[in-house]
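Trainee: Let's see this in three dimensions:
(chains A and B)
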Protein chains: 2
Amino acid sequence: MNEDKITLAHGSGGISTRNLIKDIFYRHFNNQKLIDGLDSAVFEAQSGRFAFTTDSFVVKPIFFSGGDIGKLAVCGTVNDLAVAGAKPLYLSCGLIIEEGFPIGALDRIAESMARTADASGVKIITGDTKVVEKGCADGIFINTSGVGILDKSYVTKKIMPGDDIIVTGTIAEHGTAISRDRYGLKVDGSFMSDCAPINHIIKALHGYMESIKLMKDPTRGGIATALNEIAEHAGKSIHIFEENIPIRKEVQALNELLGIDPLYLACEGRAVIVADKAESTEILARIRVLDDGKEAQIIGCVEDAENTNVYIENFFGGKRILASLEGNMLPRIC
Amino acid sequence: MNEDKITLAHGSGGISTRNLIKDIFYRHFNNQKLIDGLDSAVFEAQSGRFAFTTDSFVVKPIFFSGGDIGKLAVCGTVNDLAVAGAKPLYLSCGLIIEEGFPIGALDRIAESMARTADASGVKIITGDTKVVEKGCADGIFINTSGVGILDKSYVTKKIMPGDDIIVTGTIAEHGTAISRDRYGLKVDGSFMSDCAPINHIIKALHGYMESIKLMKDPTRGGIATALNEIAEHAGKSIHIFEENIPIRKEVQALNELLGIDPLYLACEGRAVIVADKAESTEILARIRVLDDGKEAQIIGCVEDAENTNVYIENFFGGKRILASLEGNMLPRIC
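Mentor: As a prediction, the model looks like this:
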């Protein structure tokens, strides 16, 4: 048996599985709830409203500029809980690993998950490891599910014409970093995924929850798709000003070169927030004082048209409909 | 675009993904928490102790005698919650699908998940669908995570010498059905997976929770591995009587033919229960009145040796150590 590679025995549920779990996951995720765990982990909670979410991660490549599949898997679920208005508490980690996968890489991924979980204040308390034969998966796939407790002061509210739309930072950086890394594009400049937990940003807005109507994290499908989902949810149209959308010059330029519209590329550390106009500039200011909120912008507002289109207006006043993503932009972005 | 197959666009997060979710998952899993769901589903709960668990399913073949990957994915997580002493409440469903997978098969799987969820009284309230390129996964992989609320009357207790060990039904049926189906063995007899939710069995034992020390579902690694985990957890040895282990004759015969020890083959609808001797026969009787508990048996007891071995004694009084599964028995059993 090759000690440095994952074998089918690591997925058998027997001694090899137990040793792998102890050597890698107990060591990195080190917390009593996980270690106590027989078939389920146990946690205590006060009565309240809970958020529950799941996400599987199949990103390619698994190590990319600014992150890796482990960091992404923790951020993705933490952020889904955070934009639901929940304080993320506990995560699960379900792995599907291809036979022959290097154990060293698994260790780095687990270490990255542990570091990201620490940074976002969550604990990974339950897990599962399956192994499939060589050729039956592509390296490693990770599912994280998460449980959080809802902030009592936040509920989704009726979105009204005039409500402002805020993006908490520069867009399309995850999608662009993945394209660059996957296709080995030789271009100058820094292309890093924005992959990061955003729960602290939303926590910083605690005092403004009365004015926040809805939050979303614009992952697959980018902000174009997130805005369309918001328009559909609200039953209202949305008007966006292209020049207000924060995007780094290098990201814009590379995507022009590739013929990709960055509005459809995933962010993995941003939120789109619909806020009452009366407090939107204060909310924006509160985000901008944060290290990763300096580039936040109000990018447009909700309008009272008879449809649920998203309109985007360019610098010259030209207006077009920004549709939801049709077909496929870039597979395996997350 | 072939309308009958999964395409990469179905995993894009755009319109195709949304249509697939509406056409298949909203239809089958039909519940308001799922349909309301933006990035997380929301549920209310009283204060208490919660169980949280996760499992990824990679079973091959995906349709097998007595079940399919969807039924298995729901049972697996429901059962992990149930043996933790929890009432299963909510499940998530995370799918990784290979490009080209037939949409008709996905529909059957979702329908099977919905039926099994109904039968076990849980709701699937949040989900995620990823698609990977042809050749990067083997058909479909499903992760289910689950949340349940713990029965206040149940806590794991110190296992003592003399405690009895109950198995709730005939063993090795899931593993045997999978082997038979996967390798196309032409043998007479009925070989059906035991795949089923067992939460109703544990619910029926509600009045006996004071006497139940520990429960496990003997999936990967079979009852041999479950018993070893119990011995290790207890810090005590276990003595099992081979003739008391319920196993169907056909299952025994086929495994003898294959040279496989059925004690290491997965059950997917059984529990192993450690119970105080004072009430174990009553507990057994209570299980046996249930439709799927008729074959339940006390298979052995906990002993006070200086080690954590599992000893198995055969009909002639011969005793051997039943070790945990080493290496790999049958990959992708669940």
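Trainee: next helix or strand past the worst-scoring helix or strand of chain A on mean pLDDT?
Mentor: When the helices and strands of chain A are scored by mean pLDDT, DSSP states H and E, helix A:32-36 comes last with a mean of 86. Remark: after helix A:32-36, the chain's next helix or strand is strand A:41-45, criterion DSSP states H and E.
Trainee: so what secondary structure elements neighbour that following strand?
Mentor: Applying 3 or more C-beta pairs under 8 Å, 6 or more residues apart in numbering or on different chains; DSSP states H and E, one finds that strand A:41-45 makes contact with helix A:32-36, strand A:86-98, strand A:123-132, strand B:48-57. The C-beta positions use only the backbone N, C-alpha and C, and glycine is treated the same way.
Trainee: Output the contacting helices and strands for the least confident helix or strand of chain A.
Mentor: Using 3+ C-beta pairs under 8 Å, 6+ apart, helix A:32-36 sits against strand A:41-45, strand A:123-132.
Trainee: quick revisit: the helices and strands packed on strand A:41-45 into JSON lines, with extra columns for distance to residue A:185 and mean neighbour count?
Mentor: Formatted as JSON lines, those follow (distance: least, C-beta to C-beta, whole Å; neighbours: other C-beta atoms under 10 Å in any protein chain shown):
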{"stretch": "helix A:32-36", "distance to residue A:185": "40", "mean neighbour count": "14"}
{"stretch": "strand A:86-98", "distance to residue A:185": "26", "mean neighbour count": "25"}
{"stretch": "strand A:123-132", "distance to residue A:185": "31", "mean neighbour count": "25"}
{"stretch": "strand B:48-57", "distance to residue A:185": "33", "mean neighbour count": "25"}
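Trainee: what's the offset of the least confident helix or strand of chain A from the middle of its chain?
Mentor: Helix A:32-36 sits 26 Å away from the centroid of its parent chain (C-alpha atoms, centre = their mean, to the nearest Å).
Trainee: pull the CA atoms of that helix into PDB?
Mentor: The C-alpha trace of helix A:32-36 is given here as PDB (Å, rounded to 0.1, in the frame of the first residue of the first chain):
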ATOM      1  CA  GLN A  32     -14.600  18.100  21.100                       C
ATOM      2  CA  LYS A  33     -18.000  17.900  19.300                       C
ATOM      3  CA  LEU A  34     -16.200  16.300  16.300                       C
ATOM      4  CA  ILE A  35     -14.100  14.000  18.300                       C
ATOM      5  CA  ASP A  36     -17.000  12.800  20.500                       C
END
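Trainee: if we can go back for a sec, if I average pLDDT within each of the helices and strands packed on helix A:32-36, which one is lowest?
Mentor: Among the helices and strands packed on helix A:32-36, strand A:41-45 carries the lowest mean pLDDT, a mean of 91.
Trainee: which other residues reach it?
Mentor: For strand A:41-45, the surrounding residues in contact (C-beta atoms under 8 Å, 6 or more residues apart in numbering or on different chains) are A:33-34, A:36, A:89-90, A:92, A:125-126, A:147, A:149, B:45, B:47-53, B:84, B:150.
Trainee: got the buried residues for it?
Mentor: Of the residues in strand A:41-45, those buried under the neighbour-count criterion (16 or more other C-beta atoms under 10 Å in any protein chain shown) are A:41-43, A:45.
Trainee: cool, and stretch A:58-75?
Mentor: For stretch A:58-75, by 16+ other C-beta under 10 Å, it's A:58-60, A:62, A:64-75.
Trainee: among those, which are within reach of chain B?
Mentor: Contacts with chain B within the buried residues of stretch A:58-75, counted by C-beta under 8 Å from any C-beta of the partner chain: residue A:58.
Trainee: Tell me which of the buried residues of stretch A:58-75 fall in strands.
Mentor: Those of the buried residues of stretch A:58-75 mapping onto strands are A:64, A:67-68, per DSSP state E.
Trainee: for chain A, what's the longest helix?
Mentor: Counting residues, the longest helix found in chain A (DSSP state H) is helix A:103-120.
Trainee: on contacts alone, who are the packing partners of it?
Mentor: helix A:27-29, strand A:67-68, helix A:69-83, strand A:86-98, strand A:123-132, strand A:140-150.
Trainee: just so I know, which of these lies nearest residue A:188?
Mentor: Shortest distance between residue A:188 and the helices and strands packed on helix A:103-120, using C-beta to C-beta, is found for strand A:67-68: 21.1 Å.
Trainee: Parallel or antiparallel, which strands does that closest one pair with?
Mentor: strand A:63-64 (antiparallel) (DSSP bridges).
Trainee: what residues does the partner strand touch?
Mentor: Residues outside strand A:63-64 that contact it (C-beta under 8 Å, 6+ apart): A:69, A:105, A:108, A:177-178, A:181-182, A:193.
Trainee: nearest residue to the most centrally placed residue in chain A other than its sequence neighbours?
Mentor: In chain A, the centroid-proximal residue (C-alpha atoms, centre = their mean) is residue A:76; its distance is 3.3 Å. Of all residues not flanking residue A:76 in the chain, residue A:55 sits nearest, at 4.7 Å (C-beta to C-beta, 6 or more residues apart in numbering or on different chains).
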